[in-house]
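Trainee: One predicted model, sequence on top.
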Amino acid sequence: MQASYTKYLLDFKKPSGTSRGVLRQKETYFLKISDGNSYGIGECAVFRGLSADDKPNYEEKLQWTCNAIANGMSYTAILSDLKAYPSIQFGVEQAYLSLQNKIETLLFPSDFTAGKATIPINGLIWMDDEYFMQEQIKAKLKAGFKTIKLKIGAIDFDNELALIQGIRKHYDKSKITIRVDANGAFDPSDALEKLQALANLDVHSIEQPIKAGQHEAMAKLCYLAPIPIALDEELIGVFNMTEKEKVLQNIFPHYIILKPSLVGGIQGTNEWIYLAKKHKIGWWITSALESNIGLNAIAQYTYSLGVEIPQGLGTGGLFTNNIASPLEIKKGSLHYNTAKKWAINI
């Protein structure tokens, strides 16, 4: 077998805000594995400033991976060596699965890939000024989303509450589910007060209210919180099963948010799901600004898990130069339109 990688820069249609700053471009890498006339593709979606594998030697590790594949190193051994490089680990898993299926975009054949089933997703509202956030909310509701997720923590909290109040004036919790993601923006000293204000507006849950690494403060918040708390960044960089279980036992969150590119691909995500079920903790899967190559892989894997609640897989339309694909969003669900073709020109 032979392997190679290509760097690709995704351009945002509009600069997208988070509590960590404004994103204009997203760096990613495509890994291609060839075996005779067949080949598979995977996306290694490093997330600069967030991924545990955001390291100066990232491309060196990609080249090491290509060499290991070409030299006949076993799949299991390669994944084991890539534990500290979760996005590369996921890219390898994708490429091998698509190679096995002899179709570079098919990893988990199912009713989803046959266009017969869909995946419910949330509509993502990015941080921006109040006017643009209102416009995003209107567009998502008009598009038929029943679950809305708002990125909060960048503008004044009272203004963010006003945006949520605006939704609740017209849609109660039986009509629209509201999730929020603070990306660690709250201070532990007043986080509980802010959670109570969100609870008063029937917010379903909040992702990562305070910065990761404050286990004692987060555990206390999870115990006292008037709304469910979901861990997100808290899971990044935790690769050992014993350490994963320790995080869940120490904090005992209501949910965990699983991003395969950040937590070790399919293998790492499966481990978190196993532990979450063991401790009766809820979970859902979210993409992490991958191109449609990575989003397709995450969607197919997610469907194979038999999910029922909305997942976070609505980021495919953010870029001007994404890979053209059959993935479509209709009425708050992700579809695989078999009438459309892939246009992979990497």
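Mentor: That came through, no problem. Residues are numbered from 1 along each chain as shown.
Trainee: Can I get the helix or strand where Leu97 lies in PDB, CA atoms only?
Mentor: Secondary-structure assignment from DSSP states H and E places Leu97 in helix 86-100. Extracted C-alpha coordinates of helix 86-100, given in PDB (Å, rounded to 0.1, in the frame of the first residue of the first chain):
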ATOM      1  CA  PRO A  86      -6.400  12.100  17.500                       C
ATOM      2  CA  SER A  87      -7.100  13.900  14.300                       C
ATOM      3  CA  ILE A  88      -4.500  11.800  12.400                       C
ATOM      4  CA  GLN A  89      -5.900   8.700  14.100                       C
ATOM      5  CA  PHE A  90      -9.400   9.500  12.800                       C
ATOM      6  CA  GLY A  91      -8.000  10.200   9.300                       C
ATOM      7  CA  VAL A  92      -6.300   6.800   9.200                       C
ATOM      8  CA  GLU A  93      -9.600   5.100  10.400                       C
ATOM      9  CA  GLN A  94     -11.500   6.900   7.600                       C
ATOM     10  CA  ALA A  95      -9.000   6.000   4.900                       C
ATOM     11  CA  TYR A  96      -8.900   2.300   5.800                       C
ATOM     12  CA  LEU A  97     -12.600   2.000   6.100                       C
ATOM     13  CA  SER A  98     -13.300   3.600   2.700                       C
ATOM     14  CA  LEU A  99     -10.500   1.500   1.200                       C
ATOM     15  CA  GLN A 100     -12.100  -1.700   2.500                       C
END
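Trainee: In terms of secondary structure, what does it contact?
Mentor: With contacts defined as 3 or more C-beta pairs under 8 Å, 6 or more residues apart in numbering; DSSP states H and E, the secondary structure elements packing on helix 86-100 are strand 21-35, strand 38-44, helix 58-70, helix 75-81, helix 260-263, helix 265-278, helix 292-304. From N, CA and C alone the C-beta is placed, and that goes for glycine too.
Trainee: Give the burial count for the closest residue to Pro226 other than its chain neighbours, as a bare number.
Mentor: With C-beta to C-beta, 6 or more residues apart in numbering as the measure, Ala199 is the residue that lies nearest to Pro226, at 3.8 Å, once sequence neighbours are left out. Per other C-beta atoms under 10 Å, the neighbour tally for Ala199 reads 14.
Trainee: So for Ala199, what pLDDT did the model give?
Mentor: Each residue has a pLDDT score; the one for Ala199 is 98.
Trainee: How far does stretch 138-154 stretch from one end to the other?
Mentor: Taking C-alpha to C-alpha, to the nearest Å, the span from the opening residue of stretch 138-154 to its closing residue is 20 Å.
Trainee: thinking Thr118 is in contact with Leu334, fair?
Mentor: Yes. Taking C-beta atoms under 8 Å as the contact criterion, Thr118 and Leu334 are neighbours in contact, 6.2 Å apart.
Trainee: Could you check which of those two has the larger neighbour count?
Mentor: Taking Thr118 and Leu334 together and counting by other C-beta under 10 Å, Leu334 has the greater number of neighbours (25 against 19).
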